[in-house]
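A.B. asks: I would like to see how this sequence folds:
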Amino acid sequence: MTKAIVKGEDKPELPEAEEFIKIKRGDKFIWVYLPQEYADQAFELGSQYQQTKINAHQAVDSMQLLADQLSYDALKLNPPFVALQFLRDELGDENTPETHQDSEKV
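C.D. replies: Numbers count the residues shown, from 1 in each chain. Below you'll find the predicted structure:
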């Protein structure tokens, strides 16, 4: 987008979250589904983090709230997924609740 602004060109359309995405799991690729409402919220949080509108701790906390909502309400899982474990690891986040330690990491 910055290039377009500098060159005086039209801004490209903003990307949108998708319900189905292909991700790498180990040495294989799998398709995953996330209902659009959750995908949109996660995408927006990621965008805010990349634009430094929220810091890493706010991103982790916000994504965990979303993961809790998805886990408990939509999937009926207990314990919930632990969101952004890679970022928690980078931050040395010791705030991962013990109940989440054995949870699926997203």
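
A.B. asks: what's the burial count for residue 60?
C.D. replies: 23 (other Cβ atoms under 10 Å). From N, CA and C alone the C-beta is placed, and that goes for glycine too.

A.B. asks: for residue 48, that is, sorry about that
C.D. replies: Residue 48 sits with 15 neighbouring residues when counted by other Cβ under 10 Å.

A.B. asks: For it, which non-adjacent residue is spatially closest?
C.D. replies: The spatial neighbour of residue 48 that comes closest, neighbours along the chain excluded (Cβ to Cβ, 6 or more residues apart in numbering), is residue 54 at 4.7 Å.

A.B. asks: For the one you found, give its distance to residue 9.
C.D. replies: 29 Å (Cβ to Cβ, to the nearest Å).

A.B. asks: which one of these two has more residues nearby?
C.D. replies: residue 54 (17 against 10).

A.B. asks: now that one: how far from residue 22?
C.D. replies: 27 Å.

A.B. asks: what does residue 75 give?
C.D. replies: Taking Cβ to Cβ, one finds residue 75 at 21 Å from residue 22.

A.B. asks: Please apply the same query to residue 76.
C.D. replies: Look at residue 76 and residue 22: by Cβ to Cβ, they are 26 Å apart.

A.B. asks: Next one, pLDDT for the residue most central in space within the chain please.
C.D. replies: Centroid check for the chain by Cα atoms, centre = their mean gives residue 42 as the closest residue, at 4.7 Å. For residue 42, the model assigns a pLDDT of 95.

A.B. asks: Great, nothing more from me.
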